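# Take this sequence and fold it.
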Amino acid sequence: MNDLIKNEEDRVPATVGITAVATRVGADVQAGLLLAKNYPRDELKARQRVVSRCGGVKLAQQAQYEYKRGDGTVTGPSIRLAEAIAQVWGNIKSGWDIVEQFADHTMVKTWAVDLETNTWAERTFRVEHYRDTKRGKQYLRDARDIYEHVANFAARRLRQCLLNILPGDVVEEAIEQCELTLKEDSKKQGPLPQQIANCLTAFEGIGVSRVQISHFLQHNVDASTQREVDRLRRVFASIRDGFSRVDEFFPVADQPDDGPKDKLGAALAKSKKAETPTPPPPPERKRHEPTPLAQWADYVQQETGRMLTAEERADLDKWEPERLRRAVAFSMANKFDALTEPDA
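The predicted structure follows:
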């Protein structure tokens, strides 16, 4: 228990920034202690408020997260559920603060305290300013992107701090009530196909296709059970809250599930694809070669700076094409100013 609360592995040496944060947090806690002393919690009523709060459908849908670890999956109470329990349990203060910020990382402190039992949990940790992607590290430069990235990590640590000070049986009771709420709500949401359609619409909003969901379930999504629909909701909540990435559950390389399922069908499809004729390449365009007359006119203009007159052009048009070609080639090769025929 102590190692979870102290989290020595995540700690860093004390700095001026940590001292300033501790001073401010300490003042907030001192003020809260006076209120807690005057208005102590009634645990029976607090438990009833927790159960009542978990009767809400929206909270129940966000109550648990799920993410992959190795070959298995991990589930647990989400930050939304932890915050909701802390609010109705009463006399609990929590938060997170930026201790120091640098160009490449930010030092963050999360904390939670039960003002009646003096149970305190805190974590100080470092958040690097980059995201891990399939193409490697994506470094963050925009201030808003950095803040949202830091806030995402802070929410995870804050969740753990709250769970460390809240009674475990209260949290378990809240989860059970949320599952019961979802079960009752599923009856009100209409038939199961409608719930599946709603899930597909929600996942489309985060870039997950029907095919990817079918591969995740290992069968056609239309054959999903109520338990699987509830699991998809947990996965969606985990991705939305930043606990998981889309590609951890739904690899991009998934293939469509609408293709042939048997070997014969696959072979026929492959054969049909192979028989499809490949269109011939477009014919290569021939380069337009200038006529001997045009070649001579260009040559005269470049060498003498003058242009052939209309009379000269008319006279050369009377020549035989082969004779004109030889004369032009001979004159240009010898750099003659006048068109000269080679000796016979």
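
# Phi, psi for the closest residue to residue 33 other than its chain neighbours please.
Excluding its sequence neighbours, the residue lying closest to residue 33 (CB to CB, 6 or more residues apart in numbering) is residue 115, at 5.4 Å. For glycine as for every other residue, the C-beta is placed from the backbone atoms N, C-alpha and C. Per-residue torsions, residue 115: phi -70, psi -10 (degrees, to the nearest 10).

# From residue 314, how far off is residue 115?
As judged by CB to CB, to the nearest Å, residue 115 and residue 314 stand 110 Å apart.

# Neighbour count: the two, which is higher?
residue 115 (22 against 10; other CB atoms under 10 Å).

# pretty sure that one is in contact with residue 31, am I right?
No - using CB atoms under 8 Å, residue 115 is not in contact with residue 31; the gap is 9.7 Å.

# Which residue is the nearest non-sequential neighbour of residue 196?
residue 224 (5.5 Å).

# wait, isn't the one you found in contact with residue 233?
No - using CB under 8 Å, residue 224 is not in contact with residue 233; the gap is 11.4 Å.

# quick one: residue 44 and residue 119, what's the gap?
Using CB to CB, one gets 20 Å for the distance from residue 44 to residue 119.

# Between those two, tell me which one has more neighbours.
In this view residue 44 and residue 119 are compared by other CB under 10 Å, and residue 119 has more residues nearby, 15 against 8.

# ranges for the strands of the chain?
64-69, 72-77, 92-101, 105-114, 119-128, 130-133, 136-139 (DSSP state E).

# Indicate which one of those is closest to residue 208.
Distance to residue 208, taken as CB to CB, is lowest for strand 64-69 among the strands of the chain, at 14.3 Å.

# what angle separates the closest one from strand 72-77?
Orientation check (axes from the mean of the first three to the mean of the last three CA atoms, to 10 degrees): strand 64-69 against strand 72-77 gives 160 degrees.

# Strand 64-69 pairs with which strands?
strand 72-77 (antiparallel) (DSSP bridges).

# For the strand it pairs with, give the mean pLDDT please.
Taken as a whole, strand 72-77 carries a mean pLDDT of 81.

# okay, that strand in CSV with CA atoms only?
The C-alpha trace of strand 72-77 is given here as CSV (Å, rounded to 0.1, in the frame of the first residue of the first chain):
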residue,chain,number,x,y,z
GLY,A,72,-4.2,-9.8,-22.0
THR,A,73,-6.3,-6.8,-21.1
VAL,A,74,-6.6,-4.7,-17.9
THR,A,75,-9.8,-3.2,-16.7
GLY,A,76,-10.4,-0.9,-13.8
PRO,A,77,-12.3,2.2,-12.5
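
# So which bits of that strand are buried?
By neighbour count on 16 or more other CB atoms under 10 Å, the buried set for strand 72-77 is 73, 76-77.

# Excluding its own residues, what touches that strand? List them.
Applying CB atoms under 8 Å, 6 or more residues apart in numbering, the contact partners of strand 72-77 are 63-68, 159, 163, 171, 174-175, 234.

# still on that earlier bit, give me the pLDDT value at the residue nearest to residue 196.
Residue 224 is assigned a pLDDT of 87 by the prediction.

# Also the one 4 residues further on?
You'll see residue 228 listed with a pLDDT of 86.
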